[in-house]
Every structure is written in C-alpha cells, then in structure tokens.
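J.: Sequence first, predicted coordinates after that:
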Amino acid sequence: MSSRPSTARGTGSSAAAAEIEQEKEVPERPKNILHTYPLIRQSDMSDDMKAETVELIVTACEKHSSNNENAARMVKEEMDRKYGSSWHVVVGEGFGFDISFESKNMLYLFFGGNLGICVWKCS
C-alpha cells in the first residue's frame, strides 16, 4: 500500500482541480492609503473652533493645492481676523515641530495624504 494520498481521477478531477485553485492564496499587494479627509493628529481647541479651523484649512488647501505658501497665508489671515492676531500656520510635507503656544489654540492635522498643517497661536 502506498503512503501517498490518492488523487481524484475521471469525472471528479475537474472538481478537485477547481478546489485546488480556490485554495491557492493570492498575495496581497501593499495598499497605498490616501486620506482624502482631514486627519486630526493633535488638538486642544474647543470643538467649535476646531470645526471652523478644519473647514478653513480644507478650503485653503483645495483652493491653493499647488502652492502651500498661499494656503498657509489664507489660513493665517482668516484666523487672525476671526480669533485675533498672533496666529502661525505651517503647510507642507516632512516637517516636525516643537512649539510654545497659548492653551486651547493649537491644531495639527494631515490632509490629502501626506500634507501636514499646523496652526497655533502665540501670546
């Protein structure tokens, strides 16, 4: 007697082949995740201020998608107008920060994948 498992022959062989094909795993390709929504990483703003700031950031980044400096300027000028002066805004990719800011006046988020936006107010 043979120790090898028997293989299906005849009419059942096509069914066995189909089962073997289903059992083969298709390797998963790495997925490139692109966030098309604002992803808040850190904030100590009130909920109302945060919502208004996020809306402003999204508008500025969509309007000035090819120029981060203009997007930052738009956000800064509107924040200065709404909440008083001394607001600072950084829009870009691949930056880190260590800042001093007024309590309840900082927001850091990602938008459109890897575009980082940091908004804060100094006293």
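T.: Looks like it came in fine. Residues are numbered from 1 along each chain as shown.
J.: I'd like the average pLDDT over stretch 94-106.
T.: Average pLDDT, stretch 94-106: 93.
J.: buried set for it?
T.: Residues Phe101, Asn105, Met106 are the ones in stretch 94-106 that count as buried (16 or more other C-beta atoms under 10 Å). Bear in mind the C-beta positions are built from the backbone N, C-alpha and C, glycine included.
J.: for stretch 104-123, same thing?
T.: 105-112, 115-121.
J.: Closest one to Phe95 out of those, please.
T.: Among the buried residues of stretch 104-123, Gly116 lies closest to Phe95 (C-beta to C-beta), at 6.3 Å.
J.: Now do the helices in the chain.
T.: 13-23, 47-63, 68-83 (DSSP state H).
J.: Of all those, which one is nearest Gly96?
T.: Closest to Gly96 of the helices of the chain, according to C-beta to C-beta: helix 68-83, at 16.2 Å.
J.: and which of the buried residues of stretch 104-123 is nearest Val75?
T.: Distance to Val75, by C-beta to C-beta, is smallest for Val119 among those, at 6.3 Å.
J.: Run through the bridge partners of that closest one.
T.: Per DSSP bridges, the residues bridged to Val119 are Val89, Leu107.
J.: Could you double-check that it sits in contact with Ser86?
T.: No - using C-beta atoms under 8 Å, Val119 makes no contact with Ser86, being 11.7 Å away.
J.: I'd like to know how far the spatially closest residue to Asn105 that is not a sequence neighbour sits from Ile99.
T.: Distances taken as C-beta to C-beta, 6 or more residues apart in numbering place Lys121 nearest to Asn105, at 3.8 Å, with adjacent residues excluded. As judged by C-beta to C-beta, to the nearest Å, Lys121 and Ile99 stand 10 Å apart.
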